[in-house]
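# predicted model, plus sequence, below.
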Amino acid sequence: MALLHTDPGLKADFDQHQRYLAAALLLRPLLEPLGRPARLLEVGSNVLHLLPAFLAPLPIEVVRADVVDVPAPGSRFVKLDADGRLPFPDEVFDLVVALEVLEHIAQEDRLFAVSEWSRVSRQGVLFSCPRRSRAVREAERRVDRHFRSRHGRSHPWLAEHAQFGIPSKGEIRAICGKLGLRAHAFGNAPLSEWLALQLLSEELADVPAVELREFCQQVVNSKSMRPLTRQRPYRRLYMAFKSDEAARRAVSLWRGHGIGLAAQDADADFDPVAHLAQRLRRLLTEQSLPAAFVARIQREERERHFATRRAEQATEALAEARLELEALTERSTTRPIRHRRERHRGRAVSTTAHDRTWPRVLGSPGRSALLAS
């Protein structure tokens, strides 16, 4: 399969970009022959509204639905009941899309969820989830450890993966069999590339310059990539059809767009890490940032460094002052009363440690004399 070069959603997170690019690659051949605006339901979209950008210029109408209230400008949104049926009539949408949703549903509820997606769709359902394997589980644990070390808590989405369990290919095959769905599976996001970019994204989150973060996302997303792969993928996309006729027609349409099912094996010798490193190296040498932009980032970084250093020095001085104050207080309350004779203007005055007037400022000249007494 040829590498794809696209530019919609370049500022999207790389993980979103990978899954939506693959979804658009599979959906476009199915929607083009309709000859009218397609109606799509996206379940579990959260705050995202990316399908129109990735499917442009196709005319489509997308209804977004989620169990949390996250409307987005320019889109229709429906809040779902987590335990209820979808509030739509049967077969009212051409296709239903549910990317990275199934692994956030309890295992005993997954059959019902897929049955509802299928009920409201005319042709079928496109859904995705991480691949259940030891390698994927270890990669997610590594990302979660890195996230927890920086934020003091587990990654919210990966925690749900561990809580509900990632669906296996056998489980999904069984669900589709019970519902009479004909499913094709596609690999997406090489695991080695997914892991490296997840760790990179976490590091970029601490970069103060928003423009630099966006530039790095564009560097990753703007060049050619393989939307579908069998190079140890992180996730799989499943295109499940409601009839044999729809499944056969889809295979024919995909092959007409160079997306034959066997084409996934064409990248058997493709090294995703080497490809990513080469892509970043080429882009960073070809695309230079404006000098004024670089100077501003360097200035902001120096100012942030100096501000951090001043804050550290102030904290150290305050801690030292507190220790000295505690030491003085302890000495004033524990040492025995002493009497001494002093002559002051011809009179003898008896003084004790409690009779002295302590300096108000620790750094005053009287401090050294008090400590020496």
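Sure thing, it's come through.
# and for the nearest residue to Q107 once chain neighbours are set aside, the neighbour number?
Nearest non-adjacent residue to Q107, counting by Cβ to Cβ, 6 or more residues apart in numbering: G165, 6.0 Å away. Using the backbone N, CA and C atoms, a C-beta is placed for each residue, glycine as well. The local packing of G165 (other Cβ atoms under 10 Å) involves 14 other residues.
# ok, now K79?
Count around K79 with other Cβ under 10 Å applied: 12.
# quickly find the element holding the residue nearest to it when sequence neighbours are not counted.
Closest residue in space to K79, ignoring its immediate chain neighbours: D69 at 5.2 Å, by Cβ to Cβ, 6+ apart. For D69, there is no enclosing helix or strand under DSSP states H and E.
# how confident was the prediction at D69?
As predicted, D69 sits at a pLDDT of 84.
# give the burial count for it, as a bare number.
D69 - counted by other Cβ under 10 Å - has 8 other residues nearby.
# tell me how far it lies from L102.
Distance, D69 to L102, by Cβ to Cβ, to the nearest Å: 22 Å.
# who's N188 bridged to?
R235 (DSSP bridges).
# let me know whether it touches Q231 as I believe.
No. If you go by Cβ atoms under 8 Å, N188 and Q231 don't touch, sitting 10.5 Å apart.
# longest helix anywhere in the chain?
helix 291-334 (DSSP state H).
# any idea how far that helix is from the chain center?
Relative to the mean C-alpha coordinate of its chain, helix 291-334 is positioned 33 Å out (Cα atoms, centre = their mean, to the nearest Å).
# and that helix, what does it pack against?
On a contact count with 3 or more Cβ pairs under 8 Å, 6 or more residues apart in numbering; DSSP states H and E, helix 291-334 meets no helix or strand.
# what's the mean pLDDT across it?
Mean predicted lDDT for helix 291-334 stands at 77.
# where does the stretch 1-150 of the chain have low pLDDT?
1-12 (pLDDT under 70).
# do that again at 80, thanks
Low-confidence segments of the stretch 1-150 of the chain (pLDDT under 80): 1-13, 46-48, 70-75, 82-83.
# got the residue ranges for the strands in it?
38-43, 60-66, 76-79, 93-98, 121-130 (DSSP state E, counting those that start in this stretch).
# show me where the stretch 151-300 of the chain has its helices.
With DSSP state H, counting those that start in this stretch as the criterion, the stretch 151-300 of the chain has helices at 156-164, 169-179, 191-204, 210-221, 244-256, 272-286, 291-334.
# same list, those helices, but as JSON lines with distance to F112 and mean neighbour count please.
Shown next, in JSON lines, are the helices of the stretch 151-300 of the chain (distance: least, Cβ to Cβ, whole Å; neighbours: other Cβ atoms under 10 Å):
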{"stretch": "helix 156-164", "distance to F112": "14", "mean neighbour count": "15"}
{"stretch": "helix 169-179", "distance to F112": "10", "mean neighbour count": "16"}
{"stretch": "helix 191-204", "distance to F112": "29", "mean neighbour count": "18"}
{"stretch": "helix 210-221", "distance to F112": "35", "mean neighbour count": "16"}
{"stretch": "helix 244-256", "distance to F112": "22", "mean neighbour count": "15"}
{"stretch": "helix 272-286", "distance to F112": "36", "mean neighbour count": "14"}
{"stretch": "helix 291-334", "distance to F112": "51", "mean neighbour count": "11"}
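# now the ones you listed as a markdown table including distance to L30?
A markdown table is the format used below for the helices of the stretch 151-300 of the chain (distance: least, Cβ to Cβ, whole Å):
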| stretch | distance to L30 |
| --- | --- |
| helix 156-164 | 28 |
| helix 169-179 | 18 |
| helix 191-204 | 26 |
| helix 210-221 | 24 |
| helix 244-256 | 6 |
| helix 272-286 | 27 |
| helix 291-334 | 42 |
